[in-house]
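Chemist: this one's sequence-less:
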């Protein structure tokens, strides 16, 4: 398990490219027949890449629960899952959940013995998961792609026309603090948001996908007057601290999974940065 420690914005001003990437970027979230885990001290987020190819993967076998001081991983946590691959199966105790491509799953606090598997080894599942500390046990349930809350934003004139599907969101189901969804940019659009914004009240994790070969996304971060960029490629995850701007621009349209933890779950609670002040 990779452990990420929180960083001070005053220190981050002096990070070079290598240090920024080491601190915030995970270049490989999926490895065949493994569970890749990133544990960040930024709001205690845990990001998982689960890649069951030809055998089942048990969450308790992949996570050192001693690091969390609990008997099992979700004893005091909740978990969100979005399937980026072929048909997947997730078992927890006597419950079994079958996820198609781009279906989501919410697992409430207390869920135990999670086992992930692919139903077709020639088209294996790719399960991207985010976990947050929880205070209450809400019911676990599947969120089909068609059941996600649909929001269309942006315009072709500003090169940011995009479709947002909110899976873990108060309009869809209750969670303790975890919000999660998928944003897909339309052809010809490259900005995932602009003007840039911050939300000091919560952090965000971005997982980029549908980035074609020889294409990249320039993920923008830093304080509004001290911006930096990190080059991100397909199936890579980057942490965005609450003090950092949230924005990015690709060389072509792309998609990403966003996940937020923090003080509230208000999706449009953003502090936009005046374009005349950003540097």
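Modeler: Cool, the structure landed. Because the structure is predicted, anything quoted here is derived from the model rather than measured.

Chemist: where does residue 201 land on pLDDT?
Modeler: Here the pLDDT value assigned to residue 201 is 68.

Chemist: cool, and the one 10 residues further on?
Modeler: Looking at residue 211, its pLDDT reads 97.

Chemist: ok, it touching residue 250?
Modeler: Yes: Residue 211 is within contact range of residue 250, at 7.0 Å (criterion: C-beta atoms under 8 Å). Quick note: C-beta positions are derived from backbone N, CA and C, even for glycine.

Chemist: Could you tell me which residues touch both of those two?
Modeler: residue 217 (C-beta atoms under 8 Å, 6 or more residues apart in numbering).

Chemist: ok, residue 147 - contacts?
Modeler: residue 172.

Chemist: Over to it: give its phi and psi.
Modeler: The phi and psi values for residue 147, taken as degrees, to the nearest 10, are phi -90, psi -10.

Chemist: separation between it and residue 130?
Modeler: According to C-beta to C-beta, to the nearest Å, residue 147 and residue 130 sit 18 Å apart.

Chemist: Also residue 207?
Modeler: Relative to residue 130, residue 207 is positioned 9 Å away (C-beta to C-beta).

Chemist: what does residue 175 give?
Modeler: Taking C-beta to C-beta, one finds residue 175 at 11 Å from residue 130.

Chemist: before we move on, what about residue 87?
Modeler: From residue 87 to residue 130 the distance is 21 Å (C-beta to C-beta).

Chemist: okay, the two: which has more neighbours?
Modeler: Neighbour totals were compared for residue 87 and residue 130, and residue 130 leads with 26 against 17 (other C-beta atoms under 10 Å).

Chemist: partners of that one in the sheet?
Modeler: Beta-bridge partners for residue 130, by DSSP bridges, are residue 47, residue 80.

Chemist: Just to check, it is in contact with residue 44?
Modeler: No: if you go by C-beta under 8 Å, residue 130 and residue 44 don't touch, sitting 11.4 Å apart.

Chemist: Select the longest helix from the protein.
Modeler: The residue-count maximum for a helix in the chain (DSSP state H) belongs to helix 17-24.

Chemist: okay, and the helix or strand of the protein with the least pLDDT?
Modeler: strand 197-198 (a mean of 69; mean pLDDT, DSSP states H and E).
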